[in-house]
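[1] let's see this in three dimensions:
(chains A and B)
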Amino acid sequence: MLIWRKFDYSGTQCCKALKEEGIDIILVNSNPATIQTDFEFADRIYIEPLTVETITRIIEIEKPQAVIATMAGQTGLNLATKLKSTFQLHGVAVLGTSIETIELAEDREKFAQLMEKINEPIPKSMRATNLEDAKKALSLLGLPLIVRADFALGGAGSSIVRLEENFISAVETALNSSGTSSCLIEKSVEGLSELEYEVIRDSNDNCITICNMENIDPMGVHTGESIVVAPSQTLTDKEYHMLRAAAIRVIRALDVRGACNIQFALDQQNGKYYIIEVNPRTSRSSALASKATGYPIAWVSTKIALGYQLHEIPNKITGKSAAFEPALDYCVVKMPKWPFDKLYSQKILGTQMKSTGEVMAIGRTFEEALQKAIHSLELKQKIEFDFTSQTAIEKSLLPNELRLFAIKDILRQKMLTVDEISRISKIHKWFIAKIDGIVAMESQIEKIDVTNSKTAPILLEAKRMGFSDNQISFKSALSNDAISHFKARNSIAPTYKMVDTCSGEFEALTPYYYSTFEQEDESHLLRGSSKKKVVILGSGPIRIGQGIEFDYCTVHAVLALKELGYESIIINSNPETVSTDFDVSSKLYFEPLTAENVLDVIKKEGEIEGVVVQFGGQTSVNLSIPLENNGVKILGTSVASIDASQNRKKFKALMGRLKIPLVESGVAFSKEEALEIARSISYPLLIRPSYVLGGRAMEIVYTEKQLLKKIDEAIFISGSYAIIMDRFLEDAVEVDVDALSDGEKVKLAGIMEQIEEAGIHSGDSSCVTPAIGFSDIAIKKIRDYTKRILLELQIIGLANIQMAIKGDDVYVLEVNPRASRTVPYLSKAMGVPIAKIASALQVGKKLTDYFDSFEKELIPKHGYFAVKSPVFPFIKFRDVDPILSPEMKSTGEVMGIAKTFEEAYLKAQLAAGNKFGSTVFLGSCGKWKKILADKFKKAGIQIFDSDKISEKDALLMVKQNKISFLIDGIKGSAKSEEEIRPTEAIRKSAVQFRLPVISSYFAALKIADSLEKTKGRNGKLFAPVALNELA
Amino acid sequence: MQTNPLADGTNQTGSYSKIFQSDFKNPKTPNAILVLKDGSHFLGGQIGAVKEILGELVFNTSMVGYQEALTDPSYAGQILTFCYPLIGNYATNLDDAESEKVHVRAAVVRENCESGKFYHFKAKLGLSEYLKENDVPGISGVDTRSIVRKVRESGVMPSILSPLEPNLSEKQLQEKISELKSKISGFDYGSVNFVSEVSIKQKKIFSPKKIDKKVALIDCGVKLNIIRELNLRNIEATAFPYDISANTILKGDFDGVLISNGPGDPALMKETISTTKKLIQSLPTLGICLGHQLIAHALGGTTYKLKFGHRGSNHAVLNPETGKIYITTQNHGYAAKDIPQNLAQTLFINCNDKTNEGIRHKTLPVISAQFHPEGSNGPKDANFLFDEFLKMMK
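    Have a look, this model is predicted:
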């Protein structure tokens, strides 16, 4: 069986279902940070670019009998349709939903015809492949219109057009984003309620709906951008079942076999509905529906693909049949996590999906679920609105990332009524009224008096509405301690309820819980178990700087501790993860990762060995201090060591003691101090606010003027005056080291050389292991420093060190006392389960149990090179300049493996979507343009120089595909910001046309080299490598 | 019975008995109490009519359709707990009632979610007002999931809902509880003929615009949507009281008979069973829910009480012949068994507990379903049974 994938959750479920049937699995994925690409889940694993060529070659090598294409999101569907004839040629059976069905659901015109045939209402629409058609559609349908690109991921290239003047550019973008250069122009149903149903159908035409979901944000906002509640809240039985019946009719007409998502627009003035779209695959929504209901959608649909009928499949939760529809006795709210703190884009939401991740929360009231979801988002910034004008108020109610908070504030200040807010925002009054109730409770909270137990009911009611102690403290001006004591005195404590798919009708075996404030607690201690318990903190929502890599590590920690005989208890808030599968851990608490919620769970669980914080990224590391302050034992590295590595002053002292060179640095608490430090260190400088992740607000400054400007921004973002200033090493190369330690010995799990120059965030750099460009002296220093730092800090488990290398000089930049985002990549490259070993070390295992020699770092076996490359979301942020900087912007990563560095690098770039053809545009390249021109010429690439082409011509060439890739936006001098500005429009446009834009000098050199060295080998390039060869 | 390896019997009781608020936005002392036969009690807020009532405590797992459930005559004699915690969201309206009044004896909800303002375009009356107008009490703010788990473990049980004077001392509260507990023992759901309470008193005709067929409806507590499904197929329905004689119907020039759903123990309904025996010999017959159980008796089978019944709209039934499953609405506390296999084939079985969900007579035009093909609340995946019925009459 061949599968490829994108969503880790559905892919892993699919693998489990196949393994149970004794089927050999060949798995293809470009993303190393996935559980499904572990040998526990698949038999032959390829981390390769997801392209038609690669998959075709893998089919030739592996000769699979069958393929499942519907577990890999939109990417998977697009690939499947392109591989249709290959499958036929090699006799590969397509299991589950057929390619014909996929095409039918994806081709909006054919889909529209089908809907017409079965009398299902859809918004009127017309297809366009060029501007002429598009203009015709405009005149026939009239505004507002939605322009949607066919075969595009996450709504890329789609937009709503309300003004005629925006029409042409919207159509152009859509055509360019489309996998088939076509788009659909559709009458807009903006403002109607948006409802979704998750449906499963088997080969015997049996249909069930798993869950319905109501988007709080009405039509016009991508469902991935919407706050979503499950089940629906405002629908009557008749409306609920009208849509359910329509969903089943549509799915039957499409002949879907397996899971499917269908979206409706409902006019709540008259109960009329429209069918918006069908996704004949597991999706983000199905992952959410799975976690919201406990029903394992991907697992069941894989069984269906294998030919099982619904009633033959067991319900893993109740031991009854999978042929039923989950009944919820709680309310679920999903909220998106947006990257606007890193991508300074317009914060307007629309049909384009911009969020990087999401959180889910469960409660017995809507208010509780909503507020727990907000707590899960880990929002740091203080949200304030300027409501001085009516226009400002109304604008805040249009779709934007802060709309929910604006509504609260407007209600708080009584500037508009529930009805008025609903009229402007088009959000259903029911939701606004509920938010109004939350606001009303805020003023009650002010009355809480900890000396008067008669006010305890107010506190209990506030907790039942999901207010956190922090919120209550803020509103009541009581300290958190006072609130804690008052709660304890009045027996106000959370109870835990089970997610069991059946509203308690049947006894369930699932250890999947959420907190609420009720009478009965169901989370019993595991009976008769003498096993020791460990709590593992997850990493919360996927965001820039803290991606799915951390969930990979979390799952590995669970597996390792299970193997060692521990009971593992997971706390996490992210529905798109494997760690929140109820059958991964011994017990799952779906809770916000806040000190309050985590401490409550620990209190509930009683005797625990300790808490693992190393794998949940900065989220869990940040919790270590409040946990320890409350007497909770942190496993592995001590909190003092964590602090010593994170606190600049202590860290500097430590490095001084160890005589390890740091780049000169200082911490400024005022502008004056900053200027003084700047003078002593000298420019250029790397500046950032303290205690941040992912290089937030990090900048390189070359002049005093730039420094002052950036300081103002940094203060604004961090809310404090502490600014860290480092000397910036120009032309240095950075290195990432992940290393294991048991306190006695240290094993380097890998040295990763960054391709891009220092100054570009390591998360945005490609890197290669083994390192290829360092001197022996530098390598020795890297090893030595790493070992000494880890031993000095008494790291137990994993740590990540970043260093800058200039010639033989090695400078330590930072130490992260936790698993880093490179752990999954290294694990795959080395064939060593690094996160598992790290967790074992934290419960007392020794490094000598796993390794014999400690002198050198791990390297890939048999002379392979493994390159990791980042994936960027620029196409979704049209107004963001697609250049790299110290601020991290990537949202994912891919990996390339080959026998030479060049091939591995190009493979990783290809997997990231960067295909380098035979023409390059050399834009702003600073002083390096000449060198680069020569290099690319040598590689046989035709050069277009920005100095010789007008902007207008360049834009046209981009559009007409005459340019294959761009080297542009390379900074590197005091004037760089001004220097790279002239070509900004060309870069931005190129991104929309899916052309690679390289803004790093070092990367450009490596690309030219790689192209030169692999020249003429096109036929033999990119031979797939099974990970089995590296294991 | 499966045992839960997670259970260790240490149910922790949270904050609730100490402090309490009833209404969602105004914390205050409880003014209603629900006492179960097993001795447990739940304090909450009064909704609907202010009165004390005894009934059999049951639960329904549907997430929507509370108005349909409240007005379903099959709930006569029962106190209905809604599993879904938010009830009242879209208020009540003129279209969604399944009979002319509320039939549950009392409603138990986690949150009475009506806000007094109506956000649904059809809304007419809020939940509490609706109950009050029907003189039916209710309680809100209680841990309904805890109630469900008790009923699941111990089976449906007699319970009592009572108003509570505010600010009782702990001692007064305990006295009130014992007083209510003593009243519970006097209630025996299984001995009451609830059908006689809910059945129509005089014949009534429900006509579609165009009449193709005429059906006699033996009304044991029929849901209006059964009649709507008939009318939709141009079938006129003449509803008769449950104790109508077979001869009256046989003389009435009908094309078929429908024996409806209804409350209570089917074994009590001796005369309707004997009427059924006669009618199925001569007329195409469709039995729904209680009607199915009566046909089972008429064919020589029997019925028995389920521990906590099937009440919800997510129950899958399987047609063993075709392998087709249907998600159905169910509301029954009894199930049919021992139906002679030489007379009837099993048409549907429940996917979860394998109980009988429907039969087809081997020689006579008779089909019956334990579930509700008319849905409402719930899905209509199996409403083809009405088409089958129509076919049998051709």
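
[2] OK, contacts around residue B:250?
    Contact partners of residue B:250, counting by C-beta atoms under 8 Å, 6 or more residues apart in numbering or on different chains, are B:278, B:279, B:282, B:283. For glycine as for every other residue, the C-beta is placed from the backbone atoms N, C-alpha and C.

[3] so which of the residues you listed are in strands?
    Under the assignment DSSP state E, the contacts of residue B:250 contribute nothing to strands.

[4] out of these, grab the one that's most surrounded.
    Most neighbours among the contacts of residue B:250, by other C-beta atoms under 10 Å in any protein chain shown: residue B:279, with 25 neighbours.

[5] so who does residue 189 touch?
    Just going to use chain A. Residue A:189 sits in contact with A:123, A:219, A:265, A:274, A:276, where contact means C-beta under 8 Å, 6+ apart.

[6] that was the other one, I meant chain B.
    Taking C-beta under 8 Å, 6+ apart as the criterion, residue B:189 is in contact with B:55, B:56, B:77, B:78, B:156, B:158, B:264.

[7] what is the most widely separated pair among those residues?
    By the measure C-beta to C-beta, B:158 and B:264 form the most distant pair in the contacts of residue B:189, at 14.1 Å.

[8] the more surrounded of these two?
    residue B:264 (27 against 20).

[9] chain neighbours aside, what residue packs nearest to the more buried one?
    residue B:194 (4.1 Å; C-beta to C-beta, 6 or more residues apart in numbering or on different chains).

[10] any low-confidence regions in chain B?
    Applying pLDDT under 70 to chain B flags the ranges B:1-28, B:115-116.

[11] so which residue of it comes closest to chain A?
    Relative to chain A, the nearest point of chain B is residue B:65 (3.2 Å; C-beta to the nearest C-beta).

[12] where does the closest residue to that residue other than its chain neighbours sit: helix, strand or coil?
    Excluding the flanking residues, the one nearest residue B:65 by C-beta to C-beta, 6+ apart is residue B:377, at 2.1 Å. Secondary structure, DSSP: H, G, I helix; E, B strand; the rest coil: residue B:377 is coil.

[13] and for residue B:377, the neighbour number?
    Residue B:377: 29 surrounding residues under other C-beta under 10 Å.

[14] show me what contacts it?
    Counted by C-beta under 8 Å, 6+ apart, residue B:377 has contacts A:237, A:241, B:62, B:64, B:65, B:66, B:68, B:69, B:313, B:329.

[15] just the ones of the contacts of residue B:189 in strands?
    Members of the contacts of residue B:189 lying in strands (criterion: DSSP E): B:55, B:56, B:78, B:158.

[16] can you give me the separation between the second one and residue A:9?
    Okay, so that is residue B:56. In this view, residue B:56 and residue A:9 are 43 Å apart by C-beta to C-beta, to the nearest Å.

[17] what of residue B:284?
    Distance, residue B:284 to residue A:9, using C-beta to C-beta: 51 Å.

[18] ditto for residue A:48
    Counting by C-beta to C-beta, the separation of residue A:48 from residue A:9 is 21 Å.

[19] between those two, which has more neighbouring residues?
    Neighbour comparison, residue A:48 and residue A:9: the larger count goes to residue A:9, with 32 against 28 (by other C-beta under 10 Å).

[20] now the one helix or strand the more buried one maps to, how far from the centre of its chain.
    Using DSSP states H and E, residue A:9 sits within helix A:8-19. Its chain's C-alpha centre and that of helix A:8-19 lie 19 Å apart, by C-alpha atoms, centre = their mean, to the nearest Å.

[21] neighbouring contacts of that helix?
    Here helix A:8-19 makes contact (C-beta under 8 Å, 6+ apart) with A:1, A:3, A:5, A:25, A:27, A:29, A:31, A:33-36, A:41-42, A:68, A:71-72, A:282, A:286-287, A:290, A:296-303, A:306, A:548, A:551-552, A:576-578, A:581.

[22] any idea which helix or strand comes after that helix?
    strand A:26-29.

[23] adjacent strands (with direction) for that following strand?
    Strand pairing for strand A:26-29, determined by DSSP bridges: strand A:2-4 (parallel), strand A:44-47 (parallel).

[24] deepest-packed of those, please.
    strand A:2-4 (a mean of 26; mean count of other C-beta atoms under 10 Å in any protein chain shown).

[25] quick one: mean pLDDT for that one?
    Mean pLDDT, computed over strand A:2-4, is 68.

[26] can you give the domain ranges for the chain?
    With no chain named, the answer covers chain A. Residue ranges for the domains of chain A, per automatic domain parsing: A:2-95, A:124-187, A:193-327, A:382-445, A:495-644, A:664-723, A:730-859, A:871-1013.

[27] could you do chain B instead?
    Split by automatic domain parsing, chain B gives B:32-189, B:194-392.

[28] how distant is the shortest one from the center of its chain?
    Put plainly, it is domain B:32-189. Computed by C-alpha atoms, centre = their mean, the chain-centroid distance of domain B:32-189 equals 14 Å.

[29] list the buried residues of the single longest helix found in chain B.
    In chain B, assigned by DSSP state H, the helix with the most residues is helix B:170-184. Using 16 or more other C-beta atoms under 10 Å in any protein chain shown as the test for burial, helix B:170-184 gives B:173, B:176, B:177, B:180, B:181, B:184.
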